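*Asks:* fold the stuff below for me.
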Amino acid sequence: MNRRHLRWIVPAATVLVASVVAVVLVTQVGGSAACAAGGSASYYTAGRNGMCNLGTPAEGAYAAVGKAEYAGGKGCGTLLDVTGPNGTTRVQVVDLCPSCPAGKIDLGKGAFQRIGSLSAGIISVTYATVRDPEVGPLRVKVKGGKGYSSLSVVVDHHGNPLSTVELSQGDGFVALRHGEDNTWTGPSGLNGTIALRISDVYGHQALVSGLALGQSDFQQTTQLLYGGQSPSPSPAPSTVESSAAVSAAPSVVPAGVGTTAPPVRC
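*Replies:* Numbering: from 1, shown residues only. Model prediction:
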């Protein structure tokens, strides 16, 4: 899989130190703010879409996380505040780092450069999932209808981890299946436009209608999944999948991504 192209050189001493750093994780996917004490970050260049099929935000404001934190795609689209030697930056999770252990992340070059020195190769960081972050209206990529064997949906600008994406059919809704590539799939044989009910793990919900089938790009909607409220209550235990800490369009960056973020407090 042509996931990424590494652009860093790691001094031998740095590798040795990084290999013995104790990593302490206190988090869940969909939980409250999460910290990784003693974590580390390197930098890389993502492929065109990343494993999450979201594209890559401008200015390198993106990250790849390990398998536990990626959680089969549940970490996709979430935002992380990452603190390094030179400050804190905000990034979107768009990719899987198969070789990254818990507490290790890969950052886009621009994000890495904002909080550390490129010559270091690997830096010590802490990072926290941003809960109810400021993002723009939902964007949805939909493929289906004539010539497609199934409906295929990718959702962006949801901020928090999603719990369900459902297709409106008749008087009810049909749940779509979420894959490791962050694609939600469903029935074939659809015509015209469709409506989707999108929900996150905190109970925020939006109904997005008028989505055209067969579009190759994201369709911009006017619907926010949430907005203007304080962080919502924690989800019920039954709605949370246990994992490690988690945090895009090619031309559109969610508000706050790539900017200086408030300091992370663990």
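*Asks:* go through stretch 156-163 and flag the buried ones.
*Replies:* With burial defined by 16 or more other C-beta atoms under 10 Å, the residues of stretch 156-163 counted as buried are 156, 157, 158, 159, 160, 161, 162, 163. Every residue, glycine included, has its C-beta placed from N, CA and C.
*Asks:* can you tell me how far the second one is from residue 222?
*Replies:* Between residue 157 and residue 222 the distance, using C-beta to C-beta, to the nearest Å, works out to 12 Å.
*Asks:* which neighbours do the two have in common?
*Replies:* residue 137 (C-beta atoms under 8 Å, 6 or more residues apart in numbering).
*Asks:* the helices in the stretch 1-150 of the chain, which residues?
*Replies:* 12-20, 67-70, 109-115 (DSSP state H, counting those that start in this stretch).
*Asks:* what's the least confident stretch among the ones you listed?
*Replies:* Comparing mean pLDDT across those, the weakest is helix 12-20, with a mean of 36.
*Asks:* can you list the low-confidence ranges for the stretch 151-266 of the chain?
*Replies:* 228-266 (pLDDT under 70).
*Asks:* now the strands for it?
*Replies:* Secondary structure of the stretch 151-266 of the chain (DSSP state E, counting those that start in this stretch): strands located at 151-156, 162-169, 172-175, 177-178, 184-186, 193-200, 205-212, 219-220.
*Asks:* so residue 142 bridges to which residues?
*Replies:* In this entry, residue 142 is beta-bridged to residue 153, by DSSP bridges.
*Asks:* what residues does it make contact with?
*Replies:* Contact partners of residue 142, counting by C-beta under 8 Å, 6+ apart, are 151, 152, 153, 194, 211, 212, 213, 214, 215, 219.
*Asks:* apart from its neighbours in sequence, what residue is nearest the second one?
*Replies:* Spelled out, that is residue 152. Of all residues not flanking residue 152 in the chain, residue 143 sits nearest, at 4.3 Å (C-beta to C-beta, 6 or more residues apart in numbering).
*Asks:* the last one too?
*Replies:* Nearest residue to residue 219 in three dimensions, chain neighbours excluded: residue 140, at 5.4 Å (C-beta to C-beta, 6+ apart).
*Asks:* go ahead and confirm the one you found touches residue 153.
*Replies:* Yes - counting by C-beta atoms under 8 Å, residue 140 touches residue 153, with 6.4 Å between them.
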